Each structure stands twice: as structure tokens, then as C-alpha cells.
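Peer 1: Below are the sequence and a predicted model; questions follow.
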Amino acid sequence: MKTKKKFIVSSLKEIWIDGLKNIFISDPYVFHVLERENRIKAFDVIDVAEYLRKTKDDLLSDSDFIDEKYLIYSKIIFKKLNKIHNKDYEMFFWKKSLSMGFIRNITAFYNAFKIFEEYFNPELFDCNILSKSSYFIPNDFEDHRSYFQNSDIGQEQLFSIYINLFYPDRFTQIDLKNRFKSEKKINWNQKLRKKRWFYSLKSLFYRLRFGIRKKNISIGVLGAYFSKNNLSRLMNRSNRKIAPLISPNYIFKSKLNLNSTYRDILSENEDNFDKFDEFFFSALKYSFPKAFLEDYINIETTFNNSLNQFKALKYIVSENWISNTQNSIYLSLAKRKSIKHISNEHNCFFHPYAGSYIKHIVDMSDFYLTLGWESDSNPKIIRSGSLFPFSTTKSNKINHNILFVAGALAAKATHHTGAYGYSEEKALGTVEFNISFFNSLSKSTLKEITYRGYPTKKISHLQLFYKEFYYQNILKYFNIDSNSDSAKKQMSESNLVIVDYISTAHLESILMDVPTIFFWDRDSYYLNQEFKDFFKPLIEAGICQTNPVDAAALIEKIKDNPKDWWSTPKVQKGKHTFIKTNLGEPSEMINYLVNLAN
């Protein structure tokens, strides 16, 4: 009998079958981990699965599939949650409460399911799986994302649920209890902030220091990344009618038992379920956040008590609700009290990219204030500005001739959007682009580069490709930065800034008027049709580079005096056109909110 290959879904050695020699790796990221940790030589034969998404059409197909399932599942879930909690809430209430976390949930589980369906065959492969007693159930969607999209044990749990559902009693179960704890990412400062007395003291401080009274606030700011200066301008111009909301941070009851009745109701199949539906709802039993089941009534009571203190509250401005379960629930409960949600755009752009990410955010908001761009696609979208501190005081001291600002490469894309051109199947495209760029530079130019790697400690809960692993023959030429200063500060101290990813850094550098070049790989960051010319002004100016060899040639040409190049009419025209089209002044948002408050 031919020996079966061993099917590997993570680098978690404890669950592997002993004596592995011939393996099939279902995720290329796992191969990357084994390679960088020098564990490859332990195996005689290694086969690695290919990514199932390769093209823009593939991404859009998966995006459409997720959207279709999201609509179907929302109709099912809201009825089940009403039944569980004896409520009669409309579907929108639960969609808003579940927020973008539920879409990430469907995305993560579909990605895993699609891989298992494509590659796993019990006649060809052998494996171990987790015992059900080893399963982890998250408190909220933040825990959910860390566990199911960014941990080895989370991938093993999804695979185990799949095997138990479709190939029961065929594979050995391994007990690996307590392999993940949500508390591990909470430091003492965060624990302090969760105490009720902390919020009482904070509320008293705001009242004494700024004259803020809860009963007078008409527009509350909740989870918005405004600079202190801009927040003060809002408060002063509105006579404290606009102010931060001191909302409670619910503390999950660690000793609260799981409610098997709730979870059985939630995971019941419908008559018309397909195979993925069966997998998804089966997985919900062992993965749905406690915030919506065991802890929900306590959360609702806590938040309603908080909202009742704000007698004049009409609007809440919030941007981090898309990744904050508690704020999403708070906003949903506020909506039931006729308090409207103004969603201000985060400090980067998602709207020009392929996929439906921004549509979901707008649909769940009453108003969506952009950074400065316009669109006729939805009347909720309002051109505004940003109160985020994009700039810092420009330094007169130059510490870096060429600063290379590198982004992180995520192992998993949390949404199917062209904006995540640095994630999953597109992650190593960035590496290939950069290697081609570096190889096209002279050695003398390489030696002028200060290389700033991404400060991964800030995102330690994410699984990442280590791009520097692929640059081992190049790094020796660079000045490697220690990340002791912020990227913004370092950019302000540079003659020329190069950014290899598209998010916030290139906007900060451009708005500080530092000579800037950033990379756009058209085959990774897919644009949608409405905004297909989004980068055109910057491409024509040379600020946005789409070809690594051409980018290197430009660097060689301008490196001795980047300011001369930056000051040319062509570059300045492209820069100003882009800023005027997409980035409004802070005063635009301040005026809009102050007018609402008054």
C-alpha cells in the first residue's frame, strides 16, 4: 500500500504526525515559516499548494461570493439572535452590531473551506486534528480575527471542524488545550482602562479640565483618531457640544459558562444549505463571539445605561467601529435611540480599489465623511477632510539621504479588496517588485539608503511574511534603522522618501512636502472602474512608480538633489491635483460637525 502524504495546514509541530517525511502544505505561508526557521531539511518531499486566487477576476469572484453569503447569513443570523435573546430587533441592528467583523468571519472561513475542498482527499492524505476540548471560542471579533486568521492553532481548529463534519471518526484527535488566550495581548495599561472606576475618573477629569458635561454633548466622538489640536478646535468652536464620549469598556465574564442551547440554535442547518453553508454554521457553534451570545445581555444593559446619560446626544462620530466589536454594538444601540452614526474615513483610501469593502461601511453608516474625495454612488458619502495628524513639524536637520519605508506583508487578507495588495497571494509580489528595484540600483546608491522595516511589534497579533528574509543579499548595503523614532519623524528628516506599500505613509510624506516616491504594483492593488485613474496625476508626476526598473532609474537621476526634482512644475502639478481631488482641509470636517452641533 502506498504511504499517504501528511496534510499540513499550519507550522504547529505539536499536532503533526510523528516522523513526517513526505508532506503536503496547504498554505504557502506555512512553507515560508518553515523555510525561514530552517525546518525544511527535516523533510524528504514537500509539495506546496498554490494560491487559488491569482487574478483580479478571481478576487472579484470571491468578493461577490462573500457578499452573496453575507446577505443570506444576515437574514438567518438576525432571526436566530432575536430568538436567543427574546428580542424583536430589525436586521439592520444585528448587521451593524456584527459589523465588518462578521464579513471577515465569512471571508476567513470561506478561504479555509476553499483550500480544504480543493486539496484535501482522505484517500491520499493523513493528518491529525484538534480535539473539540481544545477549541477556543473568542470574546469578540478582534479575538476572532487574531485566532482564526492569524494563528496556527486557529487554522487547525477550522481544519478540524471541516474534518469532523465531512470525514468523521477517521483521524486521530490531539488535545492541545489553552494554546491561545485573548488576555495575552492585553497589557497592564489596557487592564487598568477596563476598570469601571477608571472611566469614572476619566469622566470627572474631562468635566473639570475641559468643562465637558455628558448632558450637553450633542455630537460624541468615539474611536476617531483626531489630533489633540483638532479635537480641541471642535470642542472650543462648538462650546463643548462636540466632545469625546466616555463610554464603558465591557469586561467579559471569564467564568461565564458557554451556553450550549444558544450555540445549538445558532448552528442549526437550513433546508437549502450548500456544503459551505453547512461548514460555516457548524463552525459558528465553536467560534461565534461570546459578545453576541453569553455576554450579550450584560453588554446591552451596560451600554444602554451609558447612553441614557447623554440626554442631548444626536450624533456619534466613529471610525474604528469597523474593527471594534464593542463600539459597533454601542452604535447599534444608539441608533435605536435615534442617535445617528457619522463614520469618518480612516487615514487611508479604500474606495478606489476593486471589491465591495467600502460599500459595506457606507451601508452601515448614516453618513460617511471622506478624506476629501467625491462620489455620486451613494448620497451618504460626503466630501470632507481629515482630523488625523498626517504631518509633523518638518525638521531642518537631515539624517537620511534616502529613507526606504517598508510595509508589512500579511499572511491573510481580511477582506477581498484590491486595497490588500500586500497580503496573502499578493504578498510576495511586493518582494519581487522590490528585489527588481534594488537590483537596478547602483551599489553606491544602495549604500545611501536607510532601510526602515515595518515595526511589527505594533501588529504582533498578525501572521506576517518576513520580507527581509528575501533581501539577505541586499540588506548588507543598507543602513538598517532600529525604529526608535516614528516613521513620520524620520520622513521629515529625509532628503528623499521611498514607500513600498500603499496605505498612510506615502500620504504623510507627501503632505509634509518631502520629496516622495511610492510603488504601485498594478497586478496587486487592483482598482475599480469608477476610480481607474486614481493615481494618474501622481504617475504623470513620477511620484507613483509602477515599474521597478523605471523607479530605480529615476532614483539614480534625482538622488543628488531630490528637492530640485520635487520643485519642478510637473511634479508640483501632479501633487496638487491629487491632494485637491482627494484630501480636504481639516477645517472642512470641523465646519461640517460644528454646523451640525449648532
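Peer 2: Received the coordinates, thanks. Numbers count the residues shown, from 1 in each chain.

Peer 1: Please pull up the helix or strand immediately following the host helix or strand of Ile265.
Peer 2: Element membership for Ile265, per DSSP states H and E: helix 260-267. Of the helices and strands lying after helix 260-267 in sequence (DSSP H and E), the nearest is helix 275-284.

Peer 1: In the helix or strand just after that next one, which residues are buried?
Peer 2: Helices and strands here follow DSSP H and E; after helix 275-284, the next one along the chain is helix 296-307. For helix 296-307, a neighbour-count test (16 or more other Cβ atoms under 10 Å) marks Tyr296, Ile299, Glu300, Thr302, Phe303, Ser306, Leu307 as buried. Just so you know, the C-beta spots here come from the backbone N, C-alpha and C atoms, and that holds for glycine as well.

Peer 1: So what's the gap between the helix or strand that helix 296-307 is followed by and the chain middle?
Peer 2: Using DSSP H and E, the helix or strand that follows helix 296-307 towards the C-terminus is strand 315-318. The chain centre lies 21 Å from the centre of strand 315-318; the measure is Cα atoms, centre = their mean, to the nearest Å.

Peer 1: ok, back up a step: the buried residues of helix 296-307 into a markdown table, with extra columns for distance to Lys532?
Peer 2: Converted to a markdown table, those look like this (distance: Cβ to Cβ, whole Å):
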| residue | distance to Lys532 |
| --- | --- |
| Tyr296 | 43 |
| Ile299 | 43 |
| Glu300 | 44 |
| Thr302 | 46 |
| Phe303 | 42 |
| Ser306 | 45 |
| Leu307 | 43 |
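
Peer 1: thinking again about what came up before, gap between the helix holding Ile265 and the chain center?
Peer 2: Mean-position distance between helix 260-267 and its chain equals 29 Å (Cα atoms, centre = their mean).

Peer 1: Give the other helices and strands that it contacts.
Peer 2: In terms of contacts (3 or more Cβ pairs under 8 Å, 6 or more residues apart in numbering; DSSP states H and E), helix 260-267 is packed against helix 56-85, helix 275-284.

Peer 1: So what touches it?
Peer 2: Here helix 260-267 makes contact (Cβ atoms under 8 Å, 6 or more residues apart in numbering) with 77, 80-81, 83-84, 281-282, 284-286, 288, 293-294.

Peer 1: who wins for most neighbours among these?
Peer 2: The member of these surrounded by the most neighbours (other Cβ atoms under 10 Å) is Phe288, with 25 neighbours in all.

Peer 1: quick one: contacts for that residue?
Peer 2: Ile137, Arg263, Leu266.

Peer 1: switch the cut-off to 10 Å
Peer 2: 77, 81, 98, 102, 105, 137-138, 141, 144, 262-263, 266-267, 281, 294 (Cβ atoms under 10 Å, 6 or more residues apart in numbering).

Peer 1: Could you do Glu270 as well?
Peer 2: Taking Cβ under 10 Å, 6+ apart, one finds Ile72, Ile76, Asp277, Glu278, Phe281 in contact with Glu270.

Peer 1: sorry, back to before: closest one to Ser365 out of the contacts of helix 260-267, please.
Peer 2: Ile77 (20.1 Å; Cβ to Cβ).

Peer 1: Nearest residue to the middle of the protein?
Peer 2: Nearest residue to the geometric centre of the chain (Cα atoms, centre = their mean): Thr414, 6.3 Å.

Peer 1: Can you report phi and psi for it?
Peer 2: phi -80, psi -20 (degrees, to the nearest 10).

Peer 1: Need the contacts of helix 260-267 in a markdown table (columns: pLDDT and distance to Glu556).
Peer 2: Compiled in a markdown table, the contacts of helix 260-267 are given as follows (pLDDT from 0 to 100; distance: Cβ to Cβ, whole Å):
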| residue | pLDDT | distance to Glu556 |
| --- | --- | --- |
| Ile77 | 98 | 56 |
| Lys80 | 98 | 62 |
| Leu81 | 98 | 60 |
| Lys83 | 98 | 67 |
| Ile84 | 98 | 64 |
| Phe281 | 98 | 57 |
| Ser282 | 98 | 57 |
| Leu284 | 98 | 55 |
| Lys285 | 98 | 59 |
| Tyr286 | 97 | 56 |
| Phe288 | 98 | 55 |
| Leu293 | 98 | 60 |
| Glu294 | 97 | 61 |
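
Peer 1: which sections of the stretch 101-250 of the chain are below the confidence cut-off?
Peer 2: 178-211 (pLDDT under 70).

Peer 1: Could you say which helix or strand holds Tyr368?
Peer 2: In the assignment (DSSP H and E), Tyr368 maps to strand 367-369.

Peer 1: Kindly report the same for Ser232.
Peer 2: helix 228-237.

Peer 1: Outside of whatever helix or strand comes next after that helix itself, list whatever touches it.
Peer 2: Counting by DSSP H and E, the element after helix 228-237 in chain order, helix or strand, is strand 242-244. Residues external to strand 242-244 that are found in contact with it (Cβ under 10 Å, 6+ apart): 202-203, 206-207, 210-214, 216-224, 226, 231, 233-236, 315, 317, 590, 593-594, 596-598.

Peer 1: so Leu98 sits in a helix?
Peer 2: Yes: secondary structure of Leu98 (DSSP: H, G, I helix; E, B strand; the rest coil): part of a helix.

Peer 1: OK, contacts around it?
Peer 2: Here Leu98 is in contact with 70, 73-74, 77-78, 81, 105, 141, 288-289, 291-292, 325, 328-329, 332, 364 (criterion: Cβ under 10 Å, 6+ apart).

Peer 1: which residues of the stretch 301-450 of the chain fall in helices?
Peer 2: Counting by DSSP state H, counting those that start in this stretch, the stretch 301-450 of the chain has helices at residues 325-335, 357-363, 427-439, 443-446.

Peer 1: Run through the neighbouring helices and strands of the first one.
Peer 2: Translated: helix 325-335. helix 91-119, helix 141-148, helix 296-307, strand 315-318, strand 340-344 (3 or more Cβ pairs under 10 Å, 6 or more residues apart in numbering; DSSP states H and E).

Peer 1: With the longest one instead?
Peer 2: Of the remaining helices and strands, those touching helix 427-439 by 3+ Cβ pairs under 10 Å, 6+ apart are helix 28-36, strand 400-405, strand 409-410, helix 443-446, strand 464-465, strand 516-519, helix 548-558.

Peer 1: if we look at the last one, which residues are touching it?
Peer 2: Contacts to helix 548-558, defined as Cβ under 10 Å, 6+ apart, come from residues 402, 432-442, 444-445, 448-449, 495-496, 498, 500, 515, 517-519, 521, 542-545, 547, 562, 564-566, 568, 571.

Peer 1: Of those, select the buried ones using a PyMOL command.
Peer 2: In PyMOL syntax, the buried subset of the contacts of helix 548-558 is picked out as below (16+ other Cβ under 10 Å):
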select buried, resi 402+433+434+435+437+438+440+441+445+448+449+495+496+498+500+515+517+518+519+521+542+543+544+545+547+562+565+566+571
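
Peer 1: low-scoring stretches of the protein, by residue?
Peer 2: 1-2, 178-211.

Peer 1: Domain-wise, how is it divided?
Peer 2: Annotated domains of the chain cover 5-48, 62-176+260-292, 195-248+310-386, 400-582 [automatic domain parsing].

Peer 1: what's the span of the second one from first residue to last?
Peer 2: Spelled out, it's domain 62-176+260-292. 27 Å (Cα to Cα, to the nearest Å).

Peer 1: One more: the last one?
Peer 2: Across domain 400-582, the terminal residues are separated by 29 Å (Cα to Cα).

Peer 1: The first one now?
Peer 2: This stretch, domain 5-48, spans 12 Å end to end (Cα to Cα).
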